[in-house]
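> next one to model:
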Amino acid sequence: MKTLILFTTRHGCTTKAAGLLQARMGQGTDAVNLMTDSVPELSEYETVILGGSIYYGGIQKQMTEFINKEQSRLASKKIGLFICAAEPEEKARKELEGAFPDVLRTRAAAADVFGDELDYSKLSLPERLIFRAVKGKSKKGKGLSLEKIDRFAAKMLM
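Sure thing, here's the model as predicted:
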């Protein structure tokens with residue numbers, strides 16, 4: 001089963017999450033950053049996993065544009081959905097719901113929030129100020145949940 005992980009990232013957390021997921025999915029899994037790489041032909045893949053990070057309550061526009069453009073082709077694939085988000089579990093779940101359209105969420109074999117990991121040094125000055133106002137002096141996220149990534153991969157491999 002050939003799998004494609006398509007993701008968007010701003011500061012690298014989703015890149016790390018996609019890499020961890022790719023390792024668990026095994027051989028035949030490709031990971032592509034929609035913000036920097038060209039998308040391979042979707043017809044080559046049986047499974048497509050979409051992931052991104054949440055900033056200011058929404059997923060990156062590149063992911064939204066891709067989904068809007070390819071929604072009919074995605075309908076024939078086994079789908080997985082994930083986000084990286086720093087909010088508490090209940091709010092992060094709502095962000096997951098808001099990040100992807102109902103038609104994909106209801107068909108998804110797996111959908112989850114993997115957590116967050118922030119490299120404070122990669123933030124712009126305005127982002128640092130906002131982050132500090134929201135999170136206080138802490139410069140770390142809670143980290144990515146390897147347990148959630150493992151469970152997600154197991155569901156996708158069923």
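> can you pull out the helices in the protein?
For the chain, applying DSSP state H gives helices covering 13-25, 61-74, 89-99, 102-105, 125-135, 146-157.
> among these, which comes closest to Gly80?
Evaluated over the helices of the chain, closeness to Gly80 peaks at helix 146-157, with 4.9 Å, by C-beta to C-beta. All C-beta spots, glycine's among them, are computed from the backbone N, C-alpha and C.
> least reliable of the helices of the chain going by mean pLDDT?
Lowest mean pLDDT within the helices of the chain: helix 125-135, a mean of 62.
> quick one: residues contacting the residue nearest the centre of the chain.
By C-alpha atoms, centre = their mean, the chain has its centre lying nearest to Gly51, at 2.1 Å. Residues counted as contacts of Gly51 (C-beta atoms under 8 Å, 6 or more residues apart in numbering) are 5-8, 14, 17-18, 21, 81-84, 114.
> repeat that with 10 Å
Taking C-beta atoms under 10 Å, 6 or more residues apart in numbering, we find Gly51 in contact with 5-9, 14-15, 17-18, 21, 31, 34, 59, 63, 80-84, 99-100, 112, 114, 152.
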